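Colleague: Build me a structure from this.
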Amino acid sequence: MKTTRLSVALLAAVALTVTACETDLTGLNVNPNNPSIDTPPPPGTIFTNAVINSTNYVGGAGFQHSGFSLLAQHTAQSQYVDEDRYAYRATTLDGWFNGPYVADLMDYQAVYLVGQANKDPNTWGPARVMQSMVFQTMTDIWGDIPYSEALQGTSGSTLKPKYDAQKDIYYGMAKTLTEAVAAMGAGAGLGNGDQIYGGTAANWRKFGNALRLRIAMRMQKADATKANAELAAAIAAPGGLMTSNADNAKVVWPGDGTFDNPWSANFSTRDDYRMSKSLVDVLVANNDPRLPIFAQPTVADPTKYAGEPNGLDSPTASPYMTAASRIGAIFYPGKTVYGTYGTTDGKKTPTYLFTFAEQNFILAEAANRGMGGLSTAAAKGYYDAGVTASITQWGGTAAQAAAYLAQPAVAYQGGAAGLTQILTEKWVAFFTQGHQAWSDWRRTGIPANLVPGPKATLSYIPRRMMYATTEQTVNSEKLAEAVARQGADAMNTRMWWDK
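Modeller: Okay, the predicted model is just below:
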């Protein structure tokens, strides 16, 4: 993975292997305000930079609004409808593929190396957790990707890493998380450089175990034995699991105009997305208290909420500018060029990476399926907890959650019907995390009503994205090996866990 970017990660990594010449005049050549190879920034600074990059990646407008929230049918495009019709620009796919390798993944690697050198697992452990989260996001988009030989260019190992099979990547991530969680608990840690948990190792252990649950359940159909073992191990792992929304892995944005919620930043200057009909119909049918949080009433009729069908052409989509609901006011930073749709607090809305709600839905599914050592009787409790956590996470009340769960159509039914309820509620709870909702839909087929729009360029919802065109130039041999093993570099090729 060749790059010319001289990141803070590269500075830190090189500093581990370079010894400066020691003379009386050396200090005169060092600018204390400008990091260099001889004076790399501290790991906390590198980690902060990496977390911001990762959060802008998975929570950003380009990744979600022009990509995976559309595939999950949480949102729809009312203008510039190419991506909602599955017509992706090569430059967009190149950015999604190359960006993490030359930015946050490299930065986490540098923090890991510094933490290892200092024998401080509270420094390297969080870097490994975040690195695993990003790697899982990427392998879930493309399948086989560089993993075991990635991020080694600065050490002279290889600039043309092999593509690992997705199964090996999943096994590797589970092992990495197991080791990181077991090691954390002692050490100085990242302190204020940690924008997620403030350097608290106990929370990172919970996040690591919860992420291991996500990885395990994603393997459920491809490798049931491994998935079952990993679920049980994560449930019993040292450090435990998340116990409330206070444990959510999230970035809370200052909202200062420089560091804003990336959805909000998008809506500060444009108004070209609407809520998807697929999601709004479910929210309306169930009298869901999240409806007025996720969506705004339509301009055409301020007493109603309505969604736009996905996959329309521009002439068909245009009327939905007024006929469909905008995304919720909490994501609009006050007055836009189109009018006033929210408040400045939208800039401060957190970006969620992993939530207590998701954890409970994973455990509910595991219990429903009889996996991970959980009894089927436990499924209802986890389901109710997941719904309640999602509603309260977004500003609803426990009383609203209780009333919602009391409805016959929402109350947990058990069996196959209960599994559909769990996965549908999980899909709803993944709002703003379209890549996770899309991945779960590919694994389970739930919700069953997600289909390509009438003007889509494909007859199916994509199962993966196509590889970066840059890889065909700089790493063509290893790319060809991956395609020969996995299948055609096409959007209908199913990856290992997508059964």
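Colleague: so Lys250 touches Thr349, yeah?
Modeller: No - shown here, Lys250 and Thr349 do not form a contact pair, counting by Cβ atoms under 8 Å, at 9.9 Å. C-beta here means a position set from N, CA and C on the backbone, and glycine is covered the same way.
Colleague: hang on, Tyr352 in a helix?
Modeller: No - read with DSSP: H, G, I helix; E, B strand; the rest coil, Tyr352 is strand and lies in no helix.
Colleague: right, and it touches Gln433 too?
Modeller: Yes - with contact defined as Cβ under 8 Å, Tyr352 and Gln433 form a contacting pair (6.5 Å).
Colleague: How much space separates the residue most central in space within the chain from Gly386?
Modeller: Centroid check for the chain by Cα atoms, centre = their mean gives Val58 as the closest residue, at 4.7 Å. The gap separating Val58 from Gly386 is 21 Å, by Cβ to Cβ, to the nearest Å.
Colleague: hang on, the earlier thing: phi first, then psi, for the residue nearest to the centre of the chain.
Modeller: For Val58, the backbone dihedrals (degrees, to the nearest 10) come out as phi -80, psi -20.
Colleague: now swap in Met138 and tell me
Modeller: Dihedral pair for Met138: phi -70, psi -40, per degrees, to the nearest 10.
Colleague: residues contacting it?
Modeller: Neighbouring residues of Met138 by Cβ atoms under 8 Å, 6 or more residues apart in numbering: 97, 100, 145.
Colleague: Distance of the nearest residue to Gln64 once chain neighbours are set aside relative to Thr137?
Modeller: Distances taken as Cβ to Cβ, 6 or more residues apart in numbering put Gly434 closest to Gln64, at 5.2 Å, once the chain neighbours are dropped. The spacing between Gly434 and Thr137, counted by Cβ to Cβ, is 11 Å.
Colleague: could you measure the residue nearest to the centre of the chain against Arg274, distance?
Modeller: Separation of Val58 from Arg274 (Cβ to Cβ) stands at 22 Å.
Colleague: Would you format the contacts of Met138 as CSV with pLDDT included?
Modeller: Output for the contacts of Met138, formatted as CSV (pLDDT from 0 to 100):
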residue, pLDDT
Phe97, 97
Pro100, 96
Ile145, 98
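Colleague: Export the residues you listed as TSV, with columns for secondary structure.
Modeller: As requested, the contacts of Met138 are arranged in TSV below (three-state DSSP):
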residue	secondary structure
Phe97	helix
Pro100	helix
Ile145	strand
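Colleague: Return the member of those residues nearest to Leu312.
Modeller: Proximity of those to Leu312 (Cβ to Cβ) peaks at Phe97, which lies at 27.7 Å.
Colleague: That closest one touches Met466, doesn't it?
Modeller: No - Phe97 sits out of contact with Met466 when judged by Cβ under 8 Å, with a separation of 9.3 Å.
Colleague: about what we covered before: give me the common contacts of Tyr352 and Gln433.
Modeller: The contact sets of Tyr352 and Gln433 overlap at Gly59 (Cβ under 8 Å, 6+ apart).
Colleague: where are the low-confidence patches of the chain?
Modeller: Judged by pLDDT under 70, the chain has its weakly predicted residues at 1-40, 153-157, 335-340.
Colleague: Go again with 90.
Modeller: Applying pLDDT under 90 to the chain picks out residues 1-42, 60-62, 65, 152-159, 186-188, 255-258, 260, 262-272, 329-347, 499.
Colleague: quick one: the strands in it?
Modeller: Along the chain, the stretches classed as strands by DSSP state E are 75-77, 145-146, 163-164, 249-251, 273-275, 335-336, 339-340, 351-354.
Colleague: Sheet partners, orientation included, of the fifth one?
Modeller: Sheet partners assigned to strand 273-275 using DSSP bridges are listed as strand 75-77 (antiparallel).
Colleague: Same check on the second one?
Modeller: On the basis of DSSP bridges, the sheet neighbours of strand 145-146 come out as strand 163-164 (antiparallel).
Colleague: Which residues does the partner strand contact?
Modeller: If you take Cβ under 8 Å, 6+ apart as the criterion, strand 163-164 is touched by 144-149, 172, 478-479, 481-482, 485.
Colleague: Check the gap between the closest residue to Trp394 other than its chain neighbours and Pro254 for me.
Modeller: Setting aside the residues directly before and after it, Trp394 is nearest to Ile293 in space (Cβ to Cβ, 6+ apart), at 4.9 Å. Going from Ile293 to Pro254 by Cβ to Cβ gives 22 Å.
Colleague: Let me see the contact set for the closest residue to Met495 other than its chain neighbours.
Modeller: Of all residues not flanking Met495 in the chain, Gly143 sits nearest, at 3.6 Å (Cβ to Cβ, 6+ apart). Contacts for Gly143 (Cβ under 8 Å, 6+ apart) come out as 166, 464, 482, 486, 493, 495-496.
Colleague: can you check Pro126 too?
Modeller: 47, 111, 180, 184, 189-190, 194, 196-197, 204.
Colleague: Now with 6 Å, please.
Modeller: Trp204 (Cβ atoms under 6 Å, 6 or more residues apart in numbering).
Colleague: ok so, going back, ok, the residue nearest to Met495 to Val58 distance?
Modeller: Here the distance between Gly143 and Val58 works out to 18 Å (Cβ to Cβ).
Colleague: do the same with Gln486
Modeller: With distances taken as Cβ to Cβ, Gln486 is found 23 Å from Val58.
Colleague: Equivalent analysis for Ala222, please.
Modeller: Per Cβ to Cβ, Ala222 is found 23 Å from Val58.
Colleague: in stretch 229-249, what's buried?
Modeller: 229-235, 237, 239, 241-242, 245, 247-249 (16 or more other Cβ atoms under 10 Å).
Colleague: ignore the last one, stretch 412-427
Modeller: Neighbour counts over stretch 412-427 (16+ other Cβ under 10 Å) mark 412, 418-427 as buried.
Colleague: and of these, the nearest to Met321?
Modeller: When the buried residues of stretch 412-427 are compared against Met321 (criterion: Cβ to Cβ), the nearest one is Trp427, at 25.7 Å.
Colleague: With adjacent residues omitted, what lies nearest to the closest one?
Modeller: Here the residue nearest Trp427, using Cβ to Cβ, 6+ apart, is Ala437, at 5.1 Å.
Colleague: Tell me if I'm right that that neighbour and Leu71 touch.
Modeller: No - with contacts counted by Cβ atoms under 6 Å, Ala437 stays clear of Leu71, the gap being 8.3 Å.
Colleague: check contacts around the closest residue to Thr470 other than its chain neighbours.
Modeller: Of all residues not flanking Thr470 in the chain, Asp94 sits nearest, at 5.4 Å (Cβ to Cβ, 6+ apart). Residues in contact with Asp94 (Cβ under 6 Å, 6+ apart) are 468-470.
Colleague: Looking only at neighbour counts, state which of Phe97 and Met466 leads.
Modeller: Ranked by neighbour count (other Cβ atoms under 10 Å), Phe97 and Met466 place Phe97 first, with 22 against 16.
Colleague: Next one: the more buried one from Met138, what distance?
Modeller: Applying Cβ to Cβ to Phe97 and Met138 gives a distance of 7 Å.
Colleague: same deal with Thr388?
Modeller: Counting by Cβ to Cβ, the gap from Thr388 to Met138 is 32 Å.
Colleague: circling back: could you dump the buried residues of stretch 412-427 into JSON lines with distance to Asp104 added?
Modeller: What follows is the buried residues of stretch 412-427, written out as JSON lines (distance: Cβ to Cβ, whole Å):
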{"residue": "Tyr412", "distance to Asp104": "38"}
{"residue": "Gly418", "distance to Asp104": "38"}
{"residue": "Leu419", "distance to Asp104": "35"}
{"residue": "Thr420", "distance to Asp104": "36"}
{"residue": "Gln421", "distance to Asp104": "36"}
{"residue": "Ile422", "distance to Asp104": "32"}
{"residue": "Leu423", "distance to Asp104": "30"}
{"residue": "Thr424", "distance to Asp104": "32"}
{"residue": "Glu425", "distance to Asp104": "30"}
{"residue": "Lys426", "distance to Asp104": "26"}
{"residue": "Trp427", "distance to Asp104": "27"}
